[in-house]
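S.K.: fold the following, please.
(2 chains)
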Protein chains: 2
Amino acid sequence: MQQLIDRIRRDGVVKPGNVLKVDSFLNHQMDIELINEIGKEFKRRFSDVDITKIVTIEASGIGIACIAAQYFHVPVVFAKKAKSVNIDGEVLTTQIESYTHKRVYDVIIAKKFISPKDRVLIIDDFLANGCALLGLIELVACAGASIEGIGIVIEKGFQSGGEVIREMGMRLESLAIVEGMDDKTGEVFFRNEV
Amino acid sequence: MQQLIDRIRRDGVVKPGNVLKVDSFLNHQMDIELINEIGKEFKRRFSDVDITKIVTIEASGIGIACIAAQYFHVPVVFAKKAKSVNIDGEVLTTQIESYTHKRVYDVIIAKKFISPKDRVLIIDDFLANGCALLGLIELVACAGASIEGIGIVIEKGFQSGGEVIREMGMRLESLAIVEGMDDKTGEVFFRNEV
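M.R.: Reported below is the predicted structural model:
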């Protein structure tokens, strides 16, 4: 998605250790006009699929999932990262390791919100080593729902997550795939840039 | 907002201890059509105010803030609940106590995303004792921005947060104000229901 790639080039900040900061438009401050275009693009790429629910994980996936859901006309369910006293009933749970926060989270979804009849699109902002995404896939699969697709805003193509997920046979659409970064020059290199 | 009140009556679940669960449409599963109406209603109530930025707090505020922001044509900034290795530069920070999670959180916003020129609308899903909201107000005030309004989806009118905030002279608009609940009958009572 060229508009996204251009924006990453303009406003993304490359830090040592292959860190790409996009907090000025995607995951701290959110440019809603851009995220609207991202939502439209997900709809375009998954227009042939009959989706009944979008599933994401808190926190930064939620806004993107909600905006995208307007184009699919389906509800969003977001997995929560800690057990809340306000979730009761049967829950699906797994653990994911956060590279960013250097800790392991419990991730849960109330079972009643994903049924075996659901055809799910998973949406998230970043895909790197794939831990969070594999956790979401596990939760949705345990609910018995089918995963029709996975939409990612920015994939770090030099980390293993994308390959692992594609080798599972999942339909994964990443709107920008970063192949490399140079923290000396600030350059970002993209796969298949068109 | 009658549509919201009707929905709370239909799908909200009253639990002992004055807990109102709205996780089937607002803060775990999200009904995007309803949240769109909520966004429109915030715009209607704050149509006389020139807003430059919407500020909220992760996690459940984010989706509502993003949908609402489409009607204000402004970016969203969401405060984060834990220090991430991906936030650098100057940050504004405070602590809030979560009633739901029975713990104290550090809450932070990167200073560069709120300027003294900003006219901020704060949006959140719930207002009860006001801890989270007072934390957000503090962060926005420390940035030197003006707080033009606060939009809350559900206020628990029998807890002190709303009164405290109104007595500060803040313009607070709550789309549904719950005055009481009966966990035996499941009834929910609203203030000024029209």
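S.K.: could I have stretch A:120-135 exported to PDB, CA atoms only?
M.R.: Provided in PDB are the C-alpha atoms of stretch A:120-135 (Å, rounded to 0.1, in the frame of the first residue of the first chain):
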ATOM      1  CA  VAL A 120     -12.800 -14.500  11.300                       C
ATOM      2  CA  LEU A 121     -10.500 -11.900  10.000                       C
ATOM      3  CA  ILE A 122      -7.600 -11.200  12.400                       C
ATOM      4  CA  ILE A 123      -6.200  -7.700  12.300                       C
ATOM      5  CA  ASP A 124      -3.100  -6.300  14.000                       C
ATOM      6  CA  ASP A 125      -0.800  -3.400  13.600                       C
ATOM      7  CA  PHE A 126       2.600  -5.200  13.600                       C
ATOM      8  CA  LEU A 127       3.900  -8.600  12.800                       C
ATOM      9  CA  ALA A 128       7.500  -9.400  13.800                       C
ATOM     10  CA  ASN A 129       8.300 -12.700  15.500                       C
ATOM     11  CA  GLY A 130       4.600 -13.600  15.400                       C
ATOM     12  CA  CYS A 131       4.100 -14.400  19.000                       C
ATOM     13  CA  ALA A 132       1.000 -12.200  19.500                       C
ATOM     14  CA  LEU A 133      -0.500 -13.400  16.200                       C
ATOM     15  CA  LEU A 134       0.100 -17.100  16.900                       C
ATOM     16  CA  GLY A 135      -1.700 -16.500  20.200                       C
END
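S.K.: just to check, residue A:156 is in contact with residue A:130?
M.R.: No - using CB atoms under 8 Å, residue A:156 makes no contact with residue A:130, being 9.9 Å away. (Each C-beta comes from the backbone N, C-alpha and C, glycine too.)
S.K.: give the residues shared as contacts by the two.
M.R.: The contact sets of residue A:156 and residue A:130 overlap at residue A:162 (CB atoms under 8 Å, 6 or more residues apart in numbering or on different chains).
S.K.: mind telling me what element the nearest residue to residue A:37 once chain neighbours are set aside is part of?
M.R.: Leaving aside its chain neighbours, residue A:37 sits nearest to residue A:3 (5.8 Å; criterion: CB to CB, 6 or more residues apart in numbering or on different chains). Assigned by DSSP states H and E, residue A:3 belongs to helix A:2-11.
S.K.: the next helix or strand after that helix - what's its average pLDDT?
M.R.: Downstream of helix A:2-11, the next assigned helix or strand under DSSP H and E is strand A:13-15. The pLDDT scores in strand A:13-15 average 96.
S.K.: can you name the residues bridging to the residue nearest to the spatial centre of chain A?
M.R.: Centroid check for chain A by CA atoms, centre = their mean gives residue A:124 as the closest residue, at 1.3 Å. Listed by DSSP bridges, the beta-bridge partners for residue A:124 are residue A:152.
S.K.: was I right about the residue nearest to residue A:37 contacting residue A:36?
M.R.: No - with contact defined as CB under 8 Å, residue A:3 does not reach residue A:36; the gap is 10.9 Å.
S.K.: so what secondary structure elements neighbour the helix holding residue A:3?
M.R.: Counting contacts by 3 or more CB pairs under 8 Å, 6 or more residues apart in numbering or on different chains; DSSP states H and E, helix A:2-11 packs against helix A:32-45, strand A:146-156, strand A:172-182, strand A:187-190.
S.K.: rerun that using 6 Å as the cut-off
M.R.: strand A:172-182 (3 or more CB pairs under 6 Å, 6 or more residues apart in numbering or on different chains; DSSP states H and E).
S.K.: buried residues, the strand it packs on. List them.
M.R.: Neighbour counts over strand A:172-182 (16 or more other CB atoms under 10 Å in any protein chain shown) mark A:172-178, A:181 as buried.
S.K.: strands paired with it, and their directions?
M.R.: strand A:146-156 (parallel), strand A:187-190 (antiparallel).
S.K.: tell me which of those lies nearest to residue B:42.
M.R.: When the strands paired with strand A:172-182 are compared by CB to CB, strand A:146-156 sits nearest residue B:42, at 25.7 Å.
S.K.: from residue B:48, how far off is residue A:141?
M.R.: As judged by CB to CB, to the nearest Å, residue A:141 and residue B:48 stand 49 Å apart.
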